[in-house]
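Undergrad: Quick one: sequence plus predicted model below, questions after.
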Amino acid sequence: MPTASNQTARETEPNKLAVFTLVLWLLCGGMAALGFALPYSRPRAPQRDEPVLAQQMQVELTPEALPPPELPAPAVGLSSPPPPPEAFTPLAAPPPLAVAQPSPAIAFPVPVKAPATVTETKLARYTPPVVTNTPVVKPTEAPQPQRLVFGEGDGKQPAPEYPRTALRQGQEGNVVVRIHVGEDGSVLAAQLVSPSPWPLLNDAALKVVRQRWHFRAGPPRTYDAPIRFEITK
């Protein structure tokens with residue numbers, strides 16, 4: 001059985017819907033009125049440019065004499081014009097060679113690299129090219145290296161110092177050094193021919209030969225000197 005509260009609720013629902021519809025219509029009408037009231041840019045019809053009136057003018061040209069061109073002022077301090085350049089005298093060409101006319105007696109023509117004139121066979125001459133004998137200079141052969149026994153022969157051959165690190169590690173070996181000696185007996189250069197497997201021994205051999213070895217004066221010569229590094233107990 002419906003109660004009084006249910007009936008009141010049913011009567012209230014249509015009233016709420018009517019109020020909501022009224023508010024919505026009022027908002028739409030307010031926005032439309034606001035759109036008419038606010039200023040905004042409205043499209044305008046394009047304006048046409050005013051026509052330009054052209055006026056014709058008649059100009060008459062009168063011939064007038066142009067002023068003469070201005071010449072450069074003469075240089076100050078020159079009393080006379082400079083002398084003309086000397087005339088070039090061409091070198092005289094060598095006389096042309098006399099070349100014989102074509103004849104069945106000539107098997108083939110000889111090329112001539114010079115000015116020539118065609119003449120009779122008996123008047124023709126041939127000048128062979130000049131060959132200069134240039135002596136052939138042979139390159140100087142380097143002296144063959146001589147075998148040098150360490151500690152023997154001419155000059156001073158002090159023994160190298162045994163490197164301490166090589167002594168501690170027990171490094172031994174043979175080092176063959178090629179020595180180039182000058183006329184005054186000094187060592188001009190030294191390089192390894194047969195090095196040992198130990199760089200310390202190789203450096204010690206080169207150092208003593210370059211700094212302390214010296215030979216007697218004489219012609220330039222080359223030696224191969226073997227140096228033995230051996231640890232004696």
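TA: In hand now; what should we look at?

Undergrad: Double-check residue 180 against residue 187; I have them as touching.
TA: Yes. Counting by C-beta atoms under 8 Å, residue 187 is a contact partner of residue 180 at 7.2 Å. Where you see a C-beta, it was placed from the backbone N, CA and C, and this is true even at glycine.

Undergrad: what's the host helix or strand of residue 202 packed up against?
TA: Remark: residue 202 resides in helix 199-212, with elements defined by DSSP states H and E. Contact analysis of helix 199-212 by 3 or more C-beta pairs under 8 Å, 6 or more residues apart in numbering; DSSP states H and E lists helix 164-169, strand 173-181, strand 187-194, strand 221-229 as its packing neighbours.

Undergrad: Just the C-alphas of the first one, formatted as PDB.
TA: Output of helix 164-169 as PDB, limited to C-alpha atoms (Å, rounded to 0.1, in the frame of the first residue of the first chain):
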ATOM      1  CA  ARG A 164     125.900  -7.000 -13.900                       C
ATOM      2  CA  THR A 165     122.400  -8.100 -14.800                       C
ATOM      3  CA  ALA A 166     123.700 -10.500 -17.400                       C
ATOM      4  CA  LEU A 167     126.100 -11.900 -14.800                       C
ATOM      5  CA  ARG A 168     123.300 -12.500 -12.300                       C
ATOM      6  CA  GLN A 169     121.100 -14.100 -14.900                       C
END
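
Undergrad: what's the model's confidence in it, averaged?
TA: Throughout helix 164-169, pLDDT has a mean value of 92.

Undergrad: what does stretch 151-160 contact?
TA: With contacts defined as C-beta atoms under 8 Å, 6 or more residues apart in numbering, stretch 151-160 is touched by 150, 185, 204-205, 207-208, 212-216, 225, 227, 229.

Undergrad: so which of these is the most crowded?
TA: Of all these, residue 205 has the most neighbours under the rule other C-beta atoms under 10 Å, reaching 26 neighbours.
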